[in-house]
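A.B. asks: what's the 3D shape of this:
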Amino acid sequence: MSKKPTYEIRYGQRKTVEIKIDKNQHIIVYAPKGMAQSKIQAFVDQHSRWINKHLTTMNHYPRKPQIKQGEVFLMEGKSLKLLIKEGPKALFEFNDQSLIVTLKANRNYSEEEVKQLIIKGYRLYGEGVLTKEFFKLAEKFPVHPTKLTLKEQKKRWGSCTSKGHILLNWRLIMAPPFVREAVMIHELCHLVHMDHSKAFWDLVRQYTPYKEESQNWLKIHSNQMYF
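C.D. replies: This is a model prediction of the structure:
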(Lines give C-alpha, C1' and ligand atoms only; values in the text may rest on other atoms or scores of the structure.)
Protein backbone atom coordinates (compact mmCIF):
# COMPACT_ATOMS: atom_id res chain seq x y z
CA MET A 1 0.00 0.00 0.00
CA SER A 2 1.51 3.37 -1.03
CA LYS A 3 2.05 6.06 1.56
CA LYS A 4 -0.41 8.96 1.45
CA PRO A 5 1.26 12.21 0.37
CA THR A 6 1.56 15.11 2.81
CA TYR A 7 0.48 18.50 1.54
CA GLU A 8 -0.12 22.14 2.40
CA ILE A 9 -3.60 23.66 2.07
CA ARG A 10 -3.99 27.23 0.89
CA TYR A 11 -7.51 28.64 1.11
CA GLY A 12 -8.70 31.47 -1.10
CA GLN A 13 -11.56 33.08 -2.96
CA ARG A 14 -12.00 30.37 -5.56
CA LYS A 15 -14.63 27.82 -6.63
CA THR A 16 -12.46 24.84 -7.52
CA VAL A 17 -9.73 22.72 -5.93
CA GLU A 18 -6.31 22.60 -7.58
CA ILE A 19 -3.15 20.62 -6.80
CA LYS A 20 0.31 21.94 -7.62
CA ILE A 21 3.75 20.47 -6.98
CA ASP A 22 6.66 22.90 -6.81
CA LYS A 23 10.27 22.25 -7.86
CA ASN A 24 11.09 21.08 -4.32
CA GLN A 25 8.36 18.40 -4.57
CA HIS A 26 6.22 20.32 -2.10
CA ILE A 27 2.53 19.53 -2.68
CA ILE A 28 0.18 22.52 -2.38
CA VAL A 29 -3.62 22.20 -2.51
CA TYR A 30 -5.52 25.38 -3.39
CA ALA A 31 -9.07 25.17 -2.04
CA PRO A 32 -12.15 27.40 -1.68
CA LYS A 33 -12.33 29.26 1.61
CA GLY A 34 -14.25 27.24 4.20
CA MET A 35 -14.06 23.89 2.41
CA ALA A 36 -14.02 20.96 4.84
CA GLN A 37 -10.68 19.17 5.16
CA SER A 38 -12.43 15.83 4.62
CA LYS A 39 -13.49 17.00 1.13
CA ILE A 40 -9.98 18.21 0.38
CA GLN A 41 -8.54 14.87 1.49
CA ALA A 42 -11.04 13.05 -0.74
CA PHE A 43 -9.91 15.20 -3.69
CA VAL A 44 -6.26 14.43 -2.95
CA ASP A 45 -7.01 10.70 -2.64
CA GLN A 46 -8.81 10.81 -5.99
CA HIS A 47 -5.71 12.31 -7.62
CA SER A 48 -3.10 10.26 -5.72
CA ARG A 49 -2.05 8.34 -8.83
CA TRP A 50 -1.36 11.59 -10.68
CA ILE A 51 0.59 12.96 -7.68
CA ASN A 52 2.76 9.84 -7.35
CA LYS A 53 3.43 9.73 -11.09
CA HIS A 54 4.44 13.40 -11.08
CA LEU A 55 6.74 12.94 -8.06
CA THR A 56 8.38 9.90 -9.68
CA THR A 57 9.05 11.91 -12.83
CA MET A 58 10.53 14.76 -10.79
CA ASN A 59 12.92 12.35 -9.06
CA HIS A 60 14.59 11.87 -12.44
CA TYR A 61 15.11 15.60 -12.99
CA PRO A 62 18.69 16.91 -12.61
CA ARG A 63 19.33 17.97 -9.01
CA LYS A 64 20.51 21.29 -7.63
CA PRO A 65 24.34 21.45 -7.95
CA GLN A 66 26.54 21.81 -4.89
CA ILE A 67 29.48 24.16 -4.67
CA LYS A 68 32.20 21.55 -4.92
CA GLN A 69 34.78 20.18 -7.33
CA GLY A 70 33.36 18.29 -10.30
CA GLU A 71 29.71 19.33 -9.87
CA VAL A 72 27.77 19.91 -13.09
CA PHE A 73 26.57 23.45 -13.83
CA LEU A 74 24.72 24.77 -16.88
CA MET A 75 25.99 27.48 -19.20
CA GLU A 76 23.91 28.33 -22.29
CA GLY A 77 22.36 24.86 -22.14
CA LYS A 78 25.68 23.01 -21.91
CA SER A 79 26.68 20.86 -18.94
CA LEU A 80 30.04 21.98 -17.55
CA LYS A 81 32.01 20.50 -14.65
CA LEU A 82 33.07 22.89 -11.91
CA LEU A 83 36.86 23.24 -11.64
CA ILE A 84 38.08 25.12 -8.56
CA LYS A 85 41.75 26.10 -8.47
CA GLU A 86 44.08 28.67 -6.93
CA GLY A 87 45.73 31.60 -8.67
CA PRO A 88 47.02 35.14 -8.18
CA LYS A 89 43.50 36.61 -8.26
CA ALA A 90 39.85 35.51 -8.15
CA LEU A 91 38.42 34.74 -11.61
CA PHE A 92 35.36 33.19 -13.26
CA GLU A 93 35.87 31.57 -16.68
CA PHE A 94 34.47 28.74 -18.75
CA ASN A 95 35.24 26.64 -21.81
CA ASP A 96 33.46 23.78 -23.61
CA GLN A 97 34.11 21.34 -20.76
CA SER A 98 34.55 23.29 -17.54
CA LEU A 99 33.28 26.14 -15.42
CA ILE A 100 36.53 27.44 -13.93
CA VAL A 101 36.65 29.34 -10.65
CA THR A 102 40.05 30.61 -9.60
CA LEU A 103 40.40 31.51 -5.92
CA LYS A 104 43.09 33.85 -4.69
CA ALA A 105 45.95 31.83 -3.18
CA ASN A 106 46.68 31.98 0.55
CA ARG A 107 43.11 32.92 1.42
CA ASN A 108 40.37 30.78 2.94
CA TYR A 109 37.03 30.99 1.12
CA SER A 110 33.72 29.93 2.61
CA GLU A 111 31.29 27.96 0.43
CA GLU A 112 29.03 31.03 0.32
CA GLU A 113 31.89 33.21 -0.95
CA VAL A 114 32.65 30.75 -3.75
CA LYS A 115 28.94 30.61 -4.61
CA GLN A 116 28.74 34.42 -4.81
CA LEU A 117 31.83 34.51 -7.02
CA ILE A 118 30.13 32.06 -9.40
CA ILE A 119 26.89 34.05 -9.38
CA LYS A 120 28.78 37.28 -10.09
CA GLY A 121 30.51 35.62 -13.04
CA TYR A 122 27.24 34.34 -14.47
CA ARG A 123 25.57 37.73 -14.06
CA LEU A 124 28.38 39.69 -15.72
CA TYR A 125 28.53 37.34 -18.69
CA GLY A 126 24.75 37.04 -18.91
CA GLU A 127 24.21 40.80 -18.90
CA GLY A 128 26.06 41.19 -22.18
CA VAL A 129 24.59 38.15 -23.93
CA LEU A 130 20.97 38.52 -22.78
CA THR A 131 20.84 42.28 -23.42
CA LYS A 132 22.17 41.90 -26.96
CA GLU A 133 19.77 39.03 -27.75
CA PHE A 134 16.79 40.86 -26.28
CA PHE A 135 17.15 44.10 -28.20
CA LYS A 136 17.81 42.24 -31.44
CA LEU A 137 14.49 40.42 -30.97
CA ALA A 138 12.72 43.61 -29.90
CA GLU A 139 13.46 45.17 -33.30
CA LYS A 140 11.00 42.69 -34.86
CA PHE A 141 8.06 43.91 -32.76
CA PRO A 142 5.71 46.79 -33.61
CA VAL A 143 5.74 47.98 -29.96
CA HIS A 144 9.10 48.53 -28.31
CA PRO A 145 10.02 48.11 -24.63
CA THR A 146 10.80 51.21 -22.59
CA LYS A 147 13.40 49.49 -20.42
CA LEU A 148 15.11 46.14 -19.78
CA THR A 149 16.26 44.97 -16.35
CA LEU A 150 18.07 41.74 -15.52
CA LYS A 151 17.45 40.66 -11.94
CA GLU A 152 16.99 37.79 -9.53
CA GLN A 153 13.45 36.41 -9.76
CA LYS A 154 12.58 33.46 -7.55
CA LYS A 155 9.38 32.39 -9.32
CA ARG A 156 9.53 33.98 -12.78
CA TRP A 157 11.73 33.84 -15.84
CA GLY A 158 10.43 37.18 -17.02
CA SER A 159 7.75 39.83 -16.58
CA CYS A 160 6.41 42.92 -18.32
CA THR A 161 4.84 46.00 -16.73
CA SER A 162 2.02 48.08 -18.17
CA LYS A 163 4.60 50.80 -18.87
CA GLY A 164 6.62 48.52 -21.16
CA HIS A 165 9.38 47.75 -18.68
CA ILE A 166 10.56 44.15 -19.19
CA LEU A 167 12.37 42.24 -16.48
CA LEU A 168 14.30 39.04 -17.23
CA ASN A 169 15.77 36.51 -14.82
CA TRP A 170 19.57 36.63 -15.17
CA ARG A 171 19.66 32.83 -14.69
CA LEU A 172 18.36 32.46 -18.25
CA ILE A 173 22.01 32.60 -19.34
CA MET A 174 22.17 28.97 -18.18
CA ALA A 175 19.49 27.97 -20.71
CA PRO A 176 20.04 27.20 -24.41
CA PRO A 177 19.39 29.94 -26.99
CA PHE A 178 15.95 28.64 -28.10
CA VAL A 179 14.71 28.76 -24.48
CA ARG A 180 16.02 32.28 -23.88
CA GLU A 181 14.45 33.43 -27.12
CA ALA A 182 11.06 31.91 -26.25
CA VAL A 183 11.01 33.63 -22.84
CA MET A 184 11.98 36.98 -24.38
CA ILE A 185 9.32 36.64 -27.08
CA HIS A 186 6.72 35.81 -24.44
CA GLU A 187 7.46 39.07 -22.60
CA LEU A 188 7.71 41.13 -25.79
CA CYS A 189 4.27 39.87 -26.83
CA HIS A 190 2.92 41.34 -23.59
CA LEU A 191 3.72 44.75 -25.03
CA VAL A 192 0.87 44.04 -27.46
CA HIS A 193 -1.41 41.94 -25.21
CA MET A 194 -1.15 42.44 -21.45
CA ASP A 195 -2.91 39.14 -20.75
CA HIS A 196 -2.80 35.45 -21.66
CA SER A 197 -5.70 35.53 -24.09
CA LYS A 198 -5.97 33.48 -27.28
CA ALA A 199 -4.74 36.53 -29.19
CA PHE A 200 -1.64 36.64 -26.99
CA TRP A 201 -0.76 32.96 -27.51
CA ASP A 202 -1.43 33.25 -31.24
CA LEU A 203 1.07 36.12 -31.37
CA VAL A 204 3.66 34.14 -29.39
CA ARG A 205 3.39 31.27 -31.88
CA GLN A 206 3.92 33.67 -34.77
CA TYR A 207 7.37 34.47 -33.38
CA THR A 208 8.50 31.12 -31.94
CA PRO A 209 7.66 27.45 -32.55
CA TYR A 210 9.34 26.50 -29.27
CA LYS A 211 6.80 27.66 -26.67
CA GLU A 212 6.00 24.19 -25.30
CA GLU A 213 9.52 22.84 -25.77
CA SER A 214 11.08 25.76 -23.90
CA GLN A 215 8.57 25.49 -21.03
CA ASN A 216 9.36 21.79 -20.71
CA TRP A 217 13.13 22.44 -20.70
CA LEU A 218 12.78 25.00 -17.91
CA LYS A 219 10.55 22.67 -15.91
CA ILE A 220 13.13 19.87 -16.08
CA HIS A 221 16.24 21.99 -15.48
CA SER A 222 15.08 24.70 -13.06
CA ASN A 223 16.68 22.91 -10.09
CA GLN A 224 20.07 23.11 -11.78
CA MET A 225 19.63 26.84 -12.34
CA TYR A 226 18.94 27.71 -8.70
CA PHE A 227 22.04 26.73 -6.73
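
A.B. asks: Please, which helix or strand holds the residue of the chain most remote from its centre?
C.D. replies: Farthest-out residue of the chain from its mean C-alpha position, per Cα atoms, centre = their mean: N106, at 36.2 Å. N106 belongs to no helix or strand when elements are defined using DSSP states H and E.

A.B. asks: From V17, how far off is it?
C.D. replies: 59 Å (Cβ to Cβ, to the nearest Å). All C-beta spots, glycine's among them, are computed from the backbone N, C-alpha and C.

A.B. asks: L168 is in contact with P145, correct?
C.D. replies: No - in this structure, P145 is not within contact of L168 by Cβ atoms under 8 Å, at 10.6 Å.

A.B. asks: what about these two, which has more around it?
C.D. replies: The neighbour comparison of P145 against L168 (other Cβ atoms under 10 Å) goes to L168, with 26 against 19.

A.B. asks: Mind checking what secondary structure the more buried one has?
C.D. replies: strand (DSSP: H, G, I helix; E, B strand; the rest coil).

A.B. asks: Show me what it bridges to in the sheet.
C.D. replies: L150, G158 (DSSP bridges).

A.B. asks: So which elements touch the lowest-mean-pLDDT helix or strand in the chain?
C.D. replies: Ranked by mean pLDDT, DSSP states H and E, the weakest helix or strand in the chain is helix 48-58, scoring a mean of 80. Applying 3 or more Cβ pairs under 8 Å, 6 or more residues apart in numbering; DSSP states H and E, one finds that helix 48-58 contacts strand 18-21.

A.B. asks: The strand it packs on pairs with which strands?
C.D. replies: Here, using DSSP bridges, strand 18-21 pairs with strand 27-32 (antiparallel).

A.B. asks: Now find how far off-centre the partner strand is within its chain.
C.D. replies: Centroid separation for strand 27-32 versus its chain: 22 Å, with Cα atoms, centre = their mean, to the nearest Å.

A.B. asks: continuing past it, what's the next helix or strand?
C.D. replies: Downstream of strand 27-32, the first helix or strand assigned by DSSP H and E is helix 37-46.

A.B. asks: Output the below-cut-off pLDDT ranges for this structure.
C.D. replies: 1-3 (pLDDT under 70).

A.B. asks: hmm, try it at 90
C.D. replies: Along the chain, segments meeting pLDDT under 90 span 1-6, 20-26, 48-64, 106, 153-155, 216, 219-220, 223, 227.

A.B. asks: so where's the longest strand in the protein?
C.D. replies: Counting residues, the longest strand found in the chain (DSSP state E) is strand 78-87.

A.B. asks: Tell me which other helices or strands the longest helix along the chain touches.
C.D. replies: If you go by DSSP state H, the chain has its longest helix at helix 111-138. Under the contact criterion of 3+ Cβ pairs under 8 Å, 6+ apart, helix 111-138 touches strand 91-94, strand 98-104, strand 147-151, strand 165-169, helix 177-189.

A.B. asks: so how far is the longest one from its chain's centroid?
C.D. replies: This means helix 177-189. The answer for helix 177-189 is 13 Å, by Cα atoms, centre = their mean.

A.B. asks: what about S214, helix or strand, and which?
C.D. replies: Take DSSP H and E as the rule and S214 turns out to sit in helix 211-225.

A.B. asks: Other residues contacting that helix?
C.D. replies: 23, 61-65, 72-74, 157, 171, 174-176, 178-179, 181-183, 186, 201, 204-205, 208 (Cβ atoms under 8 Å, 6 or more residues apart in numbering).
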